[in-house]
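Colleague: I would like to see how this sequence folds:
(chains A and B)
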Amino acid sequence: GENVEQHPSTLSVQEGDSAVIKCTYSDSASNYFPWYKQELGKGPQLIIDIRSNVGEKKDQRIAVTLNKTAKHFSLHITETQPEDSAVYFCAAPSSGTYKYIFGTGTRLKVLA
Amino acid sequence: DSGVTQTPKHLITATGQRVTLRCSPRSGDLSVYWYQQSLDQGLQFLIQYYNGEERAKGNILERFSAQQFPDLHSELNLSSLELGDSALYFCASSVAAGREQFFGPGTRLTVL
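Modeller: Numbering: from 1, shown residues only, chains lettered A, B, ... in the order given. Next up is the predicted model:
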């Protein structure tokens, strides 16, 4: 069945450093890849997404890259700040539907 | 604030009971999705509705059911509750299937 693998499960970085989270997906028909940030006690918040017709998208300190051949996509956060600390989830749509398959999440801790 | 509202925020009940979770999508969104988030299963898709009709089903138990009403709000009904049903239940909405999904703050269900 469809699967989305996410690594690492936890990540600690010093404030100001960069953080990279990687996901791989199994369904080659997937064409939309969102990233969500979930803070404690809150719902997932869409922070950036990418469609399969582009290889990279950037929004200020956040960027997402997509390699369709290798079936993986990554979230890059530069100049990390303490408020970036949260759990980050990647997702990909299940084949032929609009339901998301979520990765298992990455707990990012930015150390001041 | 995503614009998606969910009530109640917390729910504590006993095994065997039945509860109803409510979701109001963002203004203009026709599609509603329900997800379950537990520590051991991560974020799992349950069911999707579009303009009142069921569009996709995930691993939703037979004890669970949902509907979307003419005013587009949705309810998730959970019956014969078991301890293992304790989880966060999120609703998300999108303007149309395949578009960005925005999540509500969730309902934390505790079954004692």
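
Colleague: look at residue 81 and say how many residues are nearby.
Modeller: As the question left the chain open, I've gone with chain A. 12 (other C-beta atoms under 10 Å in any protein chain shown). C-beta coordinates here come from the backbone N, C-alpha and C atoms, glycine included.

Colleague: should've been chain B
Modeller: By other C-beta under 10 Å, the residues close to residue B:81 number 21.

Colleague: same thing with residue A:38?
Modeller: A count of nearby residues for residue A:38, using other C-beta under 10 Å, gives 21.

Colleague: what sits opposite it in the beta ladder?
Modeller: residue A:87 (DSSP bridges).

Colleague: I'd like the distance between it and residue A:31.
Modeller: 24 Å (C-beta to C-beta, to the nearest Å).

Colleague: how close does residue B:92 sit to residue B:78?
Modeller: Going from residue B:92 to residue B:78 by C-beta to C-beta gives 18 Å.

Colleague: ugh, wrong one, I meant residue B:89
Modeller: 8 Å.

Colleague: overlap of the contact sets of these two?
Modeller: Counting by C-beta atoms under 8 Å, 6 or more residues apart in numbering or on different chains, the contacts common to residue B:89 and residue B:78 are B:21, B:109.

Colleague: SS state for the residue positioned nearest the centre of chain B?
Modeller: Geometric centre of chain B, nearest residue: residue B:34, 3.4 Å, by C-alpha atoms, centre = their mean. Of the three states, residue B:34 takes strand under DSSP: H, G, I helix; E, B strand; the rest coil.

Colleague: now do the contacts for it.
Modeller: Residues near residue B:34 by C-beta under 8 Å, 6+ apart: B:23, B:45-48, B:60, B:66, B:74, B:76, B:89-92.

Colleague: tell me which of these fall in strands.
Modeller: B:23, B:45, B:46, B:47, B:48, B:66, B:74, B:76, B:89, B:90, B:91, B:92 (DSSP state E).

Colleague: near chain A, which residues of chain B?
Modeller: By C-beta under 8 Å from any C-beta of the partner chain, the part of chain B that sits against chain A consists of B:2, B:4, B:31, B:33, B:42-45, B:48, B:55-56, B:58, B:90, B:94, B:97-98, B:100-106.
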